[in-house]
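Visitor: Have a look; sequence and predicted model below, questions after that.
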Amino acid sequence: MKKVLITGGTGLFGKEIIKGFLKNNYIVYFTSTSKLKINNFLKEINHKDKNKLFPIQISFNDINDIKNFINKYNKIGFNILINNARDLSNLKFNNKNYEEIKNFDKEFFLAIHLPYLLSTKLNKKFLESVVNITSMYGIVAPNKHLYKDKYKNSPIFYGVSKAAQIHLTKELSVRLIEYNIRVNCVSFGGVVGRTDKKFIERYKKMSPSKRMLKKDEIFEPIWFLSNKNLSTSAIGHNLVIDGGWTIW
């Protein structure tokens with residue numbers, strides 16, 4: 001039975017990714033910073049799937065955290081790596097006294113340093129596929145008509161980090177394909193679940209599909225890129241799933 005490692009497993013995206021791999025009979029390891037969120041999520045999972053699910057509570061704050069994690073879990077032999085770790089507190093924006101740079105560094109660390117080290121240091125004998133979870137804001141800048149708070153809900157360091165993550169995907173793909181490891185990413189548009197009705201209505205007017213993405217649309221693009229039988233020649237690809245947002 002194959003094994004997948006998913007970072008950021010208890011967020012909106014992480015839960016859907018975990019459920020999808022469980023349905024496809026994978027052994028799933030996932031990370032989360034919160035014991036409470038782990039316990040709450042485990043209550044949602046069917047009893048028959050719990051024997052395939054292994055939560056790991058950890059905060060990736062610095063290089064030593066990553067080193068310790070790899071040393072402890074590398075022997076498991078993950079076949080698929082899904083880089084999805086996020087910390088919403090990093091998006092707090094305060095442009096006074098240069099404080100925003102601290103969150104810029106934290107966001108970049110989770111978007112670039114963590115995926116880079118996990119992708120290159122995990123056991124290459126087992127690893128087949130890496131999928132980075134990115135965003136439409138790694139492709140285009142935010143539309144000022146969508147936000148009413150001077151971009152506080154989409155600060156500049158989020159988009160810049162996601163753009164860097166898309167290029168990291170390309171760089172890693174050419175380096176790791178010699179080990180038969182494919183690296184790709186998915187750039188998602190906005191997903192219903194963390195916004196109010198007014199935001200959703202503004203979003204609809206700016207998207208060709210006239211709607212935000214649904215939670216049940218998250219897993220399939222990731223499954224396509226992670227499964228070597230479905231996407232054999234997808235190497236360094238950025239699959240855009242945004243309802244057409246970035247074509248306007």
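Guide: Here it is on my side, so go on.

Visitor: Near the residue lying closest to I235 once chain neighbours are set aside, how many other residues are there?
Guide: Residue nearest to I235 in three dimensions, not counting chain neighbours: S173, with 5.0 Å by C-beta to C-beta, 6 or more residues apart in numbering. C-betas here are computed from N, CA, C, even on glycine. By the measure other C-beta atoms under 10 Å, the count of residues near S173 is 20.

Visitor: What ranges does the chain have for its strands?
Guide: Assigned by DSSP state E, the strands in the chain fall at 3-6, 27-32, 53-57, 80-83, 129-135, 182-188, 238-241.

Visitor: if you average pLDDT over the second one, what comes out?
Guide: Which is strand 27-32. For strand 27-32, mean pLDDT is 98.

Visitor: circling back: as TSV, the strands of the chain with mean neighbour count and distance to F41 would be great.
Guide: Formatted as TSV, the strands of the chain follow (neighbours: other C-beta atoms under 10 Å; distance: least, C-beta to C-beta, whole Å):
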stretch	mean neighbour count	distance to F41
strand 3-6	24	12
strand 27-32	22	8
strand 53-57	16	8
strand 80-83	26	16
strand 129-135	26	17
strand 182-188	26	20
strand 238-241	18	23
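
Visitor: isn't the residue nearest to I235 right up against N184?
Guide: Yes - S173 lies in contact with N184 (C-beta atoms under 8 Å); the separation is 7.1 Å.

Visitor: Least confident secondary structure element in the protein?
Guide: For the chain, counting by mean pLDDT, DSSP states H and E, helix 100-108 ranks last in confidence among helices and strands (a mean of 89).

Visitor: If you count neighbours, what's buried in that one?
Guide: For helix 100-108, a neighbour-count test (16 or more other C-beta atoms under 10 Å) marks E100, N103, F104, K106, E107, F108 as buried.

Visitor: could you dump those to TSV with distance to K144?
Guide: Shown next, in TSV, are those (distance: C-beta to C-beta, whole Å):
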residue	distance to K144
E100	19
N103	21
F104	21
K106	25
E107	21
F108	24
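
Visitor: for those residues, which one is nearest P115?
Guide: For these, the minimum distance to P115 (C-beta to C-beta) is 11.1 Å, reached by F108.

Visitor: does that closest one really touch S161, like I thought?
Guide: Yes - with contact defined as C-beta under 8 Å, F108 reaches S161; the gap is 5.0 Å.

Visitor: okay, and the common contacts of the two?
Guide: Residues touching both F108 and S161 (C-beta atoms under 8 Å, 6 or more residues apart in numbering): there are none.

Visitor: what's the nearest residue to F188 if we skip its chain neighbours?
Guide: I241 is the one closest to F188 (C-beta to C-beta, 6+ apart), at 5.3 Å.

Visitor: Next one: the one you found from S209, what distance?
Guide: 11 Å (C-beta to C-beta, to the nearest Å).

Visitor: ditto for H167
Guide: H167 is 27 Å from S209, by C-beta to C-beta.

Visitor: Just want the most central residue of the protein.
Guide: In the chain, the C-alpha nearest the mean C-alpha coordinate belongs to N84, at 2.3 Å (C-alpha atoms, centre = their mean).

Visitor: what's the burial count for Y26?
Guide: Quick note: Y26 (other C-beta under 10 Å) scores 20 neighbours.

Visitor: wait, the residue nearest to F188 sits on E217?
Guide: Yes - under the criterion of C-beta under 8 Å, I241 makes contact with E217 at 6.9 Å.

Visitor: What are the contacting residues of stretch 192-199?
Guide: By C-beta under 8 Å, 6+ apart, stretch 192-199 touches L12, L146, I200, Y203, M212, L213, K214, K215.

Visitor: Tell me the buried residues in that stretch?
Guide: F199.

Visitor: tell me the mean pLDDT over that stretch?
Guide: pLDDT averaged over stretch 192-199 gives 90.
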